[in-house]
Structures are given as C-alpha cells and as structure tokens.
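S.K.: any chance you can model this:
(chains A and B)
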Amino acid sequence: MSPEHEQLAAQYVIGLLDGNERRIAERLSEHDVDFQAAVAQWQSCLAELDATATPVLPEGELWSRIETGLRRAPAPLRIEDPTPVAIPSPHAAFAALWQSLRFWRITGLAGAFASLLLALGVGLLATRATREPVLIAVLLTEQNRPAAVVNAFANGEAELIPLEAIPVPPGRALEIWTLWDRARGPVSIGLIDQARTVRLNIGNLPQTGPNQLFEITLEPATGSPTGRPTGPVLMKGTTSTTL
Amino acid sequence: MAVVTMTTSAPVSRPVSERERLEEALRRCAGGDPAGLRTIYDAEAPRMLGVATRLLRRRSLAEEAVHDTFLQVWQHASSFDATRGNADTWLYAVLRNRALNILRGEARTELTEDFEPMGLASEDESPEAIVLRLSTTSALKRCLERLKPIQRHAVVLAYVHGLSHGELAGRLDVPLGTMKSWMRRSLAALRECMP
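M.R.: Numbers count the residues shown, from 1 in each chain, chains lettered A, B, ... in the order given. Down below sits the predicted model:
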C-alpha cells in the first residue's frame, strides 16, 4: 500500500481526518482490502488507549432509550403478520417472522412494502438519520423475496442495505451493478465479501434516475474478470421515487 | 444531570474470558436476541461512556454516541467476524466512529454556541498520565515512549480527546504546519515500532 494510504489509515483511526479526507478514508475502508487491513491494524494497536478511560456510570434511562430504539424498526412488520405466534420477545418474534417462508408467501407484495418500511426504519436508526433517500430500489431474489434495498440520496450518494444473509462460497464475492444505459451495459459499483451495508461507488456515474436497474451477482473474490456480470444474478430491482 | 464517575483505575489488558463473553453476546445479537445486547451494555456501557465523554466532553453528546452505537451494534452484529478481529476492538471502533462523526460534524456549532471550551478542561488527565496507565508490557507504551514527549502528547491528545491538527497546534503552541509534519512522522515511527 502507498505511504499516503498508510498515513490516511492512521489518521483516520486516530480521528484526525475531517471533511473530504474523512470521506475518502470511509470509502476506501468499504472497498479497499489493503486499506481495511491497515485500519484494523491501527485500531487494534491504539485500542489500549480506550481502556484507560475512567468509566462513567450511565443513568438507567439510557438503556430505556436504547430499548425504545430497538422496538422502532420491527413495528411495521408485526402489524402485517396474519398469524401471530407466541414468541418470548418482540425481537425474536420479528426475527422468526422475517425468516418464515409462509409469512412471505401469505403477505406477498405487502411483504415487499413492509420491507421498504423496515429499510426506512433502519435508515433512520443509522448514523445517516438526517438523510432521506430520493430513490429506493428493493432488490428481489428469484423467488421474489426482498433481499436488499438500495437508497439513493439527493447528493448523488447511494447505499446498499442487505435484508438477509447471502451465502457466499469461499473465494467468491458479491458484486453490485447498476444499469442506466443499455448501450453501455451494467457498471460495477461495489464488491463485498458478505452481505453488509455499503456505500455504493457511483460518484463517477450520471445521477441515479427512476427505473434504474440494480443487481447483485456472484463473482470471483476479486470481482468479475471481464468487467461485466459473469456469475448468477442473486437479486435485482429497479428504483422508484420516494414521496 | 449529575456525572457519576467510578474511582477505580482502569484495568488495561482485557482477559480472554471477557472477550469471549463479548463475542458470544454479539452472536446472540446477530441471532435477534436482545439479551445479548443487554449483556454488552452491562459489561461495557460505563467504559464506553467514559471513552465518549473524553472525546465529546458533554455528557448528553456522549450518551447520544453510546445510544447510537448500541443501535448500530444491534443492526450490524452479524457483520462482526471473530476470525478477523477482537469483539472489543470492533465495539470501540463503532463507538469512536460515531463519536468522531458527532465531534467533526454535528456538534461543532452547537458546542460553540454553548460557550463550552473547545480545548481541554484543566481537570483532564495529562497525556503523560494516560501513557503511564498502559500496561508495562504494552508494545504501544514502549513505542509511544520512544517518541519525543511533545509528539507523544500530540498523538495521545488526538486519539483520546479527538483534538484536530489546529487544536493540537494551539494547545502545544507550535505552528499548524509543524504539527502536521510531526504527526506524520510520529505515526510513521509508531508504525515501524509496533509488532
């Protein structure tokens, strides 16, 4: 790795980056394996300094606020549940519901809609609380199950939020593509080793528009060798404008 | 709101059993069991609030950072991979990232309007005292001690209190350009020295 990137990783972990540099480091830490390794190394090197902090007892109300936050996301889905079952906690109930095929069969489109609500809820809980997407694509599997959401923001950024785990065989990776111009064909906008939330690399592309296709294919670990999707399409969906 | 601090000094190296308990708790979170999150809260929230308070100074902002961190941990627990790092390092990386976002982005103007000092309060522990609290066998301590004192202070103040290059330059009374080149050299030297 270049000495510049090495410094950037160190200053990122230590907390010295601001504005544009910080955004560059965030982007690298999502896509660049070497940069991720350097960041991880600095994190574990400096972590001992965190252990020198004098503990401060939180007030009881902090946990109640966290619990309230946890409850917020599952709520819309539970309303859609036609067959409520006795499960000890709302969160376990939510997880079970999410994995229940029967639920998805019964609810069909309502499920896709609910997942949209869930994704919005997840978005609100995350650090990007103040941002609202202008376009959203729900990516469906071959069985029409919603498996991920793409949020595109007014400032030209976009993110992918997976809704379920995706099995990735060893030596393979998930590659994210978008297609806005049939003549140019699909363009790779991200490569991840497992289903996780990532910022998509669309800075050099035209502004995302309605009805733009996003899809994920299974590719070799270093990405498609041809620059075009070569593996099976795991999920796909097109963008719609938010209200 | 009263700030309750514990007076015990910090145990610096974390026993393996504690780490395993955290990993197990994260696995439970990933499986949708909120009791896993509560386990992490009971074990780590006071230290997390301590770390966030050092960075953000204001109790309400520190609590916000810890609150947001727990929601992120809950959402992203499945992305933690024990083969690639320690659970505690992961947890505190999420916390620091959130706190630094608050510090660098959202809180700046709010803090200034509040007339709270942006620098360090006098009752803060000195960077030298913080280094002394690292364990005697710590490679980080050994490597930090190889730096010139003022450069060591800059590294510790940046990490622990989130001071920017400009704030460090002001605090340590050197020009901004000097501070930036010191920091680059200090970090390169640390990188060389660390195993």
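
S.K.: list the helices and strands the lengthiest helix in chain B packs on?
M.R.: Longest helix in chain B by number of residues (criterion: DSSP state H): helix B:34-56. Counting contacts by 3 or more C-beta pairs under 8 Å, 6 or more residues apart in numbering or on different chains; DSSP states H and E, helix B:34-56 is packed against helix A:60-72, helix B:16-30, helix B:59-76, helix B:87-101, helix B:149-161. All C-beta spots, glycine's among them, are computed from the backbone N, C-alpha and C.

S.K.: show me the one of these that comes nearest B:Thr178.
M.R.: Closest to B:Thr178 of the helices and strands packed on helix B:34-56 is helix B:149-161 (C-beta to C-beta; 10.3 Å).

S.K.: tabulate the CA atom coordinates of the closest one in CSV.
M.R.: What follows is helix B:149-161, C-alpha atoms only, in CSV (Å, rounded to 0.1, in the frame of the first residue of the first chain):
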residue,chain,number,x,y,z
PRO,B,149,7.4,13.9,24.8
ILE,B,150,5.6,16.7,22.9
GLN,B,151,5.0,14.4,19.9
ARG,B,152,3.7,11.6,22.2
HIS,B,153,1.4,14.1,23.8
ALA,B,154,0.0,15.1,20.4
VAL,B,155,-0.7,11.5,19.4
VAL,B,156,-2.5,10.8,22.8
LEU,B,157,-4.5,14.0,22.8
ALA,B,158,-5.6,13.4,19.2
TYR,B,159,-6.8,9.9,19.9
VAL,B,160,-8.2,10.3,23.4
HIS,B,161,-9.7,13.8,23.2
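
S.K.: so for it, what gets flagged as buried?
M.R.: Residues of helix B:149-161 classed as buried by neighbour count (16 or more other C-beta atoms under 10 Å in any protein chain shown): B:151-161.

S.K.: just the angle between it and helix B:87-101, please?
M.R.: Helix B:149-161 runs at 90 degrees relative to helix B:87-101, counting by axes from the mean of the first three to the mean of the last three C-alpha atoms, to 10 degrees.

S.K.: what about helix B:149-161 and chain A, touching?
M.R.: Yes - using C-beta under 8 Å from any C-beta of the partner chain, helix B:149-161 reaches chain A at B:155-156, B:158-160.

S.K.: mind putting those in TSV, distance to B:Gln72 included?
M.R.: Shown next, in TSV, are these (distance: C-beta to C-beta, whole Å):
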residue	distance to B:Gln72
B:Val155	27
B:Val156	26
B:Ala158	23
B:Tyr159	21
B:Val160	22
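
S.K.: and those residues as JSON lines, adding pLDDT?
M.R.: Converted to JSON lines, the residues of helix B:149-161 next to chain A look like this (pLDDT from 0 to 100):
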{"residue": "B:Val155", "pLDDT": "97"}
{"residue": "B:Val156", "pLDDT": "97"}
{"residue": "B:Ala158", "pLDDT": "96"}
{"residue": "B:Tyr159", "pLDDT": "97"}
{"residue": "B:Val160", "pLDDT": "96"}
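
S.K.: okay if I get the buried residues of helix B:149-161 as a markdown table plus distance to A:Arg72?
M.R.: A markdown table is the format used below for the buried residues of helix B:149-161 (distance: C-beta to C-beta, whole Å):
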| residue | distance to A:Arg72 |
| --- | --- |
| B:Gln151 | 46 |
| B:Arg152 | 44 |
| B:His153 | 43 |
| B:Ala154 | 41 |
| B:Val155 | 39 |
| B:Val156 | 38 |
| B:Leu157 | 37 |
| B:Ala158 | 35 |
| B:Tyr159 | 33 |
| B:Val160 | 33 |
| B:His161 | 33 |
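
S.K.: tell me the two of those residues that are most distant?
M.R.: B:Gln151 and B:His161 (15.9 Å).

S.K.: from the centroid of chain A, which residue is nearest?
M.R.: Central residue of chain A (C-alpha atoms, centre = their mean): A:Thr197, 1.9 Å from the mean position.

S.K.: so how far is the longest helix of chain B from its chain's centroid?
M.R.: In terms of C-alpha atoms, centre = their mean, to the nearest Å, the centre of helix B:34-56 is found 12 Å from the chain centre.

S.K.: and that helix, which residues are buried?
M.R.: Applying 16+ other C-beta under 10 Å to helix B:34-56 flags B:34, B:36-41, B:43-56 as buried.

S.K.: keeping just the C-alphas, turn that helix into PDB.
M.R.: Extracted C-alpha coordinates of helix B:34-56, given in PDB (Å, rounded to 0.1, in the frame of the first residue of the first chain):
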ATOM      1  CA  PRO B  34     -31.800  -8.600  22.700                       C
ATOM      2  CA  ALA B  35     -30.500 -10.200  25.900                       C
ATOM      3  CA  GLY B  36     -27.100 -10.300  24.000                       C
ATOM      4  CA  LEU B  37     -27.200  -6.500  23.700                       C
ATOM      5  CA  ARG B  38     -28.000  -6.100  27.300                       C
ATOM      6  CA  THR B  39     -25.000  -8.300  28.200                       C
ATOM      7  CA  ILE B  40     -22.800  -6.000  26.200                       C
ATOM      8  CA  TYR B  41     -24.400  -2.900  27.800                       C
ATOM      9  CA  ASP B  42     -23.900  -4.300  31.400                       C
ATOM     10  CA  ALA B  43     -20.200  -5.100  30.700                       C
ATOM     11  CA  GLU B  44     -19.200  -2.200  28.600                       C
ATOM     12  CA  ALA B  45     -21.500   0.800  28.800                       C
ATOM     13  CA  PRO B  46     -19.600   2.600  31.600                       C
ATOM     14  CA  ARG B  47     -16.300   2.300  29.800                       C
ATOM     15  CA  MET B  48     -17.900   3.300  26.500                       C
ATOM     16  CA  LEU B  49     -19.400   6.300  28.200                       C
ATOM     17  CA  GLY B  50     -16.000   7.100  29.600                       C
ATOM     18  CA  VAL B  51     -14.400   7.000  26.100                       C
ATOM     19  CA  ALA B  52     -17.200   9.000  24.600                       C
ATOM     20  CA  THR B  53     -17.000  11.600  27.400                       C
ATOM     21  CA  ARG B  54     -13.300  12.100  26.800                       C
ATOM     22  CA  LEU B  55     -14.000  12.700  23.100                       C
ATOM     23  CA  LEU B  56     -17.200  14.800  23.300                       C
END
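
S.K.: what's the model's confidence in it, averaged?
M.R.: For helix B:34-56, mean pLDDT is 95.
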